[in-house]
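Novice: Next comes the sequence, and after it the predicted model I'd like to discuss.
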Amino acid sequence: MEKYQKKSIIAVLTGVLVFITGCLILLYFAAQELITQINADTKHILKHVDSAVLERRSVLTPLNKFGFKQCNETTLLEMRRALFDSQYVIDIGFFIGNQLMCTTGAGLLSSGINDLEPDYIRKDEDVRVRFEPQLYLLLFTGRPMEVVIVRQGNFNLIMESKAFNSASIGSKNWEVVYRDSEELHHLAGTKGTYSKISGDSYLPYETGVACSTENENYCAAVHLPWSQFFSNNHFLLIISLILTCLAGVSSALMVNARIAARRSINQRIRKGLKKGSFYWTYQPIICLQSGKLIGCEVLARFEDKYGVLFPDEFIPVIRKNNLTWTFTEAMIATTIKELTSIEVLPEGFKVSLNIFPCDVELGNVLLLPQITELTNSRFIICLEITEDEYLDTSIAHAHFRTLVESGFNLSLDDFGTGYSNLRNLQNLSFHQLKIDRTFVQDIATEGLKASMIPNIMELVHKFNYTCVAEGIETTEQEAILKTAGVHYGQGWKYGKPMTASKFKNYITSQHF
Ligand SMILES: Nc1nc2c(ncn2[C@@H]2O[C@@H]3COP(=O)(O)O[C@H]4[C@@H](O)[C@H](n5cnc6c(=O)[nH]c(N)nc65)O[C@@H]4COP(=O)(O)O[C@H]3[C@H]2O)c(=O)[nH]1
């Protein structure tokens, strides 16, 4: 139960991890999008600032050049002409000294109006600028307007702050300021935004500040809150969140399914050992010179109600769960009984049984001489042991000697693929060496492994071994191995691993 809970927690944690990673990726892309939006807004505002400055120059400089001394029809006509061509200017006024005399909207005033102190003076162009949050223009007395009033020489002009066309700006919170060496002067937008942004009062990525390249004292600050960004893109956000959730849930399910599959393979193998889901097949071994059957290798198979498992799936699980000896005992009990029942099998027929190297190290193999079915059988029992580091210990060597003294043959399996071949060959009291099938398969392509077969045969002769080549599928492979002096052969060319009853039929078709 505890193990099950642990695995469920792993699955849930994987799901959560995938979900969090997905959210972080989403957040990253959202931040990029937010920055793009803020940069576009800042650029848009500064473009209008530059245009407004340009317009101010193109309106006030020519009007001043006329040199009007008083406001009359001609003065008003020129002022209205200038206003007509403007995009940002909503009114133009004419001053004599400090007194406003006439405006394009109201015409000639009955009495002059005093000009007010500016917020700042641009000394380079002799321009005086004032921000007026609530100006009641003479023409529109009904509604106050947020304006910027710019005076140069005898004229001033009024520009509406909202002229920067806030409709095309995604962010509702922005500000344009004039920045001189001493102070910031608000010109348009939400007062205080620039200072708040500079003071780090907002969350990361949701602000941007930039200054005009043409009029570097004019700067724009934009604040687009995450909340507003998400509500602008809520549809996309919901879809992305759903997808991220799905990715999290499906990866949790996948991990759970994988763990369950692994768990069930373990359970199937444990149960299979008790309930007889394992069965054994027999693959013929042939004398290459005479072409006669001299023995067989016993190979395990597994099938239960859930389906078939192959040796490369169940052998590692058996090893991992320390079931090797239980498995080998089951193999011996079944196979010796099955083979003994095949009466036509001759005296001296060689039965090759696969033994796990760890059982050599653990000493379990010393129980083999006590199994009477084995010792009393009419067969030569050949124990196939894969090359392994377990075999290179003095304990293993002692156990090998005991086995040999008890009448068992020893065969070094999968020779050429394992651990330190030469050392094993010199030190072990083995009878036989089995050339791995990768060497045989290499014959067709004349590969490096195939070229090593003569060297292997030299060792075989030197240590007085017999040699079996496994995986022979073609006549060409057989001919080359025969020429190289290999004694025995095993492979699909002679027969695939078969059940006891099929093996019996196979044997009756052979003559010894
Ligand atoms: N392509 C090809 N393959 C051929 C040919 N002839 C034989 N084979 C396959 O080569 C493998 C030879 O067995 P192995 O080297 O002892 O290698 C065996 C052995 O190490 C292990 N194994 C199988 N049964 C047992 C068992 O009962 N006990 C133990 N300890 N290990 C076993 O699993 C390994 C794989 O067994 P299998 O899948 O049965 O695979 C077998 C056999 O089916 C051929 O002409 N072409």
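Specialist: Good, I have the coordinates. It should be emphasised that the depicted structure is a prediction, and the values quoted were computed from it without experimental measurement.

Novice: all contacts plus neighbour counts: C-alpha atoms, from now on.
Specialist: Will do.

Novice: going on from the helix or strand of the chain with the lowest mean pLDDT, what's the next piece of helix or strand?
Specialist: The helix or strand of the chain with the lowest confidence, counting by mean pLDDT, DSSP states H and E, is helix 421-427 at a mean of 59. Counting by DSSP states H and E, the element after helix 421-427 in chain order, helix or strand, is strand 432-435.

Novice: any chance you could read off phi and psi for Cys71?
Specialist: phi -100, psi 110 (degrees, to the nearest 10).

Novice: right, I mislabeled it, should have said Ser171
Specialist: As for Ser171, its main-chain torsions (degrees, to the nearest 10) stand at phi -90, psi 140.

Novice: Renumber starting at 779 from here on
Specialist: Fine by me, first position is 779 from now on; the one you just mentioned is Ser949.

Novice: in terms of contact, does it touch His1001 like I think?
Specialist: Yes. Under the criterion of Cα atoms under 8 Å, Ser949 makes contact with His1001 at 6.4 Å.

Novice: Could you pull out the residues contacting both of the two?
Specialist: Taking Cα atoms under 8 Å, 6 or more residues apart in numbering as the criterion, Ser949 and His1001 both touch Ile816.

Novice: Got the confidence number for the residue of the chain positioned farthest from its centre?
Specialist: No residue in the chain sits farther from the centre than Ser888, which is 78.9 Å out by Cα atoms, centre = their mean. pLDDT, Ser888: 92.

Novice: Could you export the host helix or strand of it as CSV, CA atoms only?
Specialist: With secondary structure defined by DSSP H and E, Ser888 is part of strand 885-892. Provided in CSV are the C-alpha atoms of strand 885-892 (Å, rounded to 0.1, in the frame of the first residue of the first chain):
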residue,chain,number,x,y,z
GLY,A,885,-11.7,86.5,-32.2
LEU,A,886,-10.9,90.0,-30.9
LEU,A,887,-11.2,90.2,-27.1
SER,A,888,-13.0,93.2,-25.6
SER,A,889,-10.2,93.4,-23.0
GLY,A,890,-6.8,91.8,-22.8
ILE,A,891,-6.2,88.8,-20.6
ASN,A,892,-3.0,88.5,-18.6
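
Novice: Adjacent strands (with direction) for it?
Specialist: Strand 885-892 has its sheet partners listed here by DSSP bridges as strand 877-881 (antiparallel).

Novice: How far away from the center of its chain is the partner strand?
Specialist: 72 Å (Cα atoms, centre = their mean, to the nearest Å).

Novice: what's downstream of the longest strand anywhere in the chain, the next helix or strand?
Specialist: Among the segments of the chain that qualify as a strand by DSSP state E, the longest is strand 1071-1082. For strand 1071-1082, the succeeding helix or strand toward the C-terminus, using DSSP H and E, is strand 1085-1087.

Novice: which is the next helix or strand following that next one?
Specialist: Per DSSP H and E, the first helix or strand lying C-terminal to strand 1085-1087 is helix 1089-1098.

Novice: what does that next one contact?
Specialist: In this structure, residues lying in contact with helix 1089-1098 by Cα under 8 Å, 6+ apart are Ile1043, Asn1044, Ile1047, Ala1078, Arg1079, Thr1102, Phe1105.

Novice: Take these and write them to TSV, including pLDDT, distance to Ala1035 and secondary structure.
Specialist: Shown next, in TSV, are those (pLDDT from 0 to 100; distance: Cα to Cα, whole Å; DSSP: H, G, I helix; E, B strand; the rest coil):
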residue	pLDDT	distance to Ala1035	secondary structure
Ile1043	87	12	helix
Asn1044	88	14	helix
Ile1047	93	18	helix
Ala1078	98	27	strand
Arg1079	97	25	strand
Thr1102	96	27	helix
Phe1105	97	27	helix
